[in-house]
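Participant: Just to be clear, the model below is a prediction. Sequence and coordinates:
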Amino acid sequence: MYRALATANAFAREGWRVTVLTATRDTFERLTGSDPETEREIDPRIEVVRVPFDPERGETDLSRWSRLHVFSPLLWNFLRSLRARVGFPENNYAIWAKPLARATEEIHAREPVDLVVGSANPSVDFVPGDVLHRRAGVPYVMDHRDAWHLDVYTGKRIGTTRSRSARLERRLMARATEAWWVNAPIRDWHAQQFPNLADRFHVVANGYDPAFMPPEHPRLPDPASLVFGYLGTIYGPIPLRESLEAWRLARSRSPLVASARLEFRGRLGHFAEQDVEAARLLDEFRADGVEYKGPVSKTKVSEVYQGLDALLLIISRSRYVTSGKVFEYAASGLPIAALHHPETASTEVLAGRPGWFPAAEVSVEAFADAIVATADAAASLTQQDIEAAQTRSIPLQRDQQLLPRIRALRELVEGRRS
């Protein structure tokens, strides 16, 4: 959501008239969770068009259900999904393709569109660009937060090159003006898959949003009561148990850590319902000074960082995973214990940063060493240390990733008009 919000706002600030196609609020509340406060950060010049995702799926009035739906909700849902995939080959989201296409055509009929940016996943978000390109020659950009046929956690290909979705991806890639990737490893993987299109591929990293970060840290740490923090989604692939056991081990080795607290902020899993296993695991370590304090709005992350003295960066092992929070972590100016495998793409973002303490490997011992080193750094932290780390993070601002591409696309659109 934050990448999409920042992209739309950046286009608006550059003078574009922007229309955003998105799902209805209740869709997010039912399926993924939402952040209503951040919605107020949408540039007021942007028109937001909300397209119902799957209203039948959320219908609670049984009198409106069909006989098949009442008889077997599982069979009803399976058949609907099967029919939807005939039109667009993507599990769970294919049903949105037709409503998106209709809304796109209505917008273009009202005011002709010069450029479409589709931000995926889900990959059904590429439908508007495809529709307007085929019918009116409108250029489009494929903005990938992850990847369609690359499992970024395992590095393995999803499906075969002969599948319907792979064939569709090839067609969309061939017609796209540009494709954006969040880091170089993902871009390079796709460049190998599409060597004749590689010159259209660009890295547009997530970056951090200065408006949501504190301009300065309001206080220096109290060594007697350090507060460590983790901000981000808490989900299966991250080494959560190893990190918590390392925290417990570090408390037995360091008086600084023994007197410290560890706060987790973020969603438990990617969906509206909590990840039960993650919740249970966090609760297991409550006696070790670990506290789960729930999700936090993007508009409030600045306040959270201001109440912390050090950070734990816990992300999965993959050269294709950067994570969005690594940029905010860098901008905070606080010491960071990097509790992940060294090959993870976030290493390239933080390498050489003051106050960065990477684990040598994914193990409780290595993680505990990193936590202790981070506590030592936090206990002696100065305002100059914080400012040095923040200054080094300036090139990581999100606009510095987006603006070169937005300005290049303006030249393209203006060239088409002349």
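Facilitator: Received, thanks.

Participant: low-confidence ranges in the stretch 151-300 of the chain?
Facilitator: Counting by pLDDT under 70, the stretch 151-300 of the chain contains low-confidence ranges at 215-218, 270-273.

Participant: hey, where'd the strands end up in the stretch 51-200 of the chain?
Facilitator: For the stretch 51-200 of the chain, the strands defined by DSSP state E, counting those that start in this stretch occupy 116-120, 140-144, 178-181.

Participant: burial count for the closest residue to residue 380 other than its chain neighbours?
Facilitator: Leaving aside its sequence neighbours, residue 380 sits nearest to residue 223 (CB to CB, 6 or more residues apart in numbering; 8.0 Å). Backbone N, C-alpha and C define where each C-beta goes, glycine included. Close neighbours of residue 223, defined as other CB atoms under 10 Å, add up to 17.

Participant: and if you look at the one 10 residues further on?
Facilitator: For residue 233, the number of neighbouring residues by other CB under 10 Å comes to 18.

Participant: which residue lies farthest from the center of this structure?
Facilitator: Distance from the centre of the chain peaks at residue 67, with 39.9 Å (CA atoms, centre = their mean).

Participant: Could you report the distance from that one to residue 227?
Facilitator: From residue 67 across to residue 227, the span is 57 Å (CB to CB, to the nearest Å).

Participant: quick check: longest helix of this structure.
Facilitator: In the chain, assigned by DSSP state H, the helix with the most residues is helix 398-417.

Participant: Any chance you could list what contacts that one?
Facilitator: Outside helix 398-417, the residues within contact range by CB atoms under 8 Å, 6 or more residues apart in numbering are 3, 6-7, 10-11, 14, 16, 114-115, 139, 141, 177-178, 180, 202-209, 327, 394.

Participant: Then stretch 137-145?
Facilitator: Under CB under 8 Å, 6+ apart, the answer for stretch 137-145 is 3, 7, 108, 113-121, 126, 128-130, 132-133, 172-173, 175-182, 186, 204, 405, 409, 412-413, 416.

Participant: List buried members of these by neighbour count.
Facilitator: 3, 7, 108, 113-120, 126, 128-130, 132-133, 172-173, 176-182, 186, 204, 405, 409 (16 or more other CB atoms under 10 Å).

Participant: how about the residue nearest the centre of the chain, what does it touch?
Facilitator: In the chain, the centroid-proximal residue (CA atoms, centre = their mean) is residue 324; its distance is 5.4 Å. Applying CB under 8 Å, 6+ apart, we find residue 324 in contact with 2-3, 206, 232.

Participant: ok, so of those, who is nearest residue 291?
Facilitator: Checking these against residue 291 with CB to CB, the nearest one is residue 232 at 15.7 Å.

Participant: any idea how far residue 15 is from the nearest residue to that closest one once chain neighbours are set aside?
Facilitator: Residue nearest to residue 232 in three dimensions, not counting chain neighbours: residue 325, with 4.3 Å by CB to CB, 6+ apart. The spacing between residue 325 and residue 15, counted by CB to CB, is 31 Å.

Participant: Compare those two and say which is more crowded by neighbours.
Facilitator: Each of residue 325 and residue 15 has its neighbours counted (other CB under 10 Å); residue 325 has more, 22 against 9.

Participant: where exactly do the helices run in the stretch 151-300 of the chain?
Facilitator: Listed in chain order, the helices of the stretch 151-300 of the chain (DSSP state H, counting those that start in this stretch) span 164-175, 184-193, 240-253, 255-258, 276-284.

Participant: out of the ones you listed, which comes closest to residue 362?
Facilitator: helix 240-253 (6.3 Å).

Participant: Report the buried residues of the closest one.
Facilitator: 240, 242-251.

Participant: Tabulate these (TSV), appending distance to residue 156.
Facilitator: Formatted as TSV, the buried residues of helix 240-253 follow (distance: CB to CB, whole Å):
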residue	distance to residue 156
240	23
242	23
243	25
244	28
245	28
246	28
247	31
248	34
249	33
250	34
251	38
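
Participant: And for residue 305, nearest residue in space, chain neighbours not counted?
Facilitator: residue 332 (4.8 Å).

Participant: distance of residue 144 from residue 387?
Facilitator: For residue 144, the distance to residue 387 - CB to CB - is 34 Å.

Participant: These two: which has the busier surroundings?
Facilitator: residue 144 (22 against 14).

Participant: What residues are bridge-paired with the more buried one?
Facilitator: residue 120 (DSSP bridges).

Participant: mind checking pLDDT for it?
Facilitator: Residue 144 is assigned 93 on the pLDDT scale.

Participant: All further residue positions should be reported with the first residue as 31.
Facilitator: Will do, 31 is the new start, and the previous item becomes residue 174.

Participant: quick one: it from residue 374, how far?
Facilitator: Counting by CB to CB - residue 174 and residue 374 are separated by 18 Å.

Participant: what's the helix or strand for residue 33?
Facilitator: In this structure, residue 33 is located in helix 32-43 according to DSSP states H and E.
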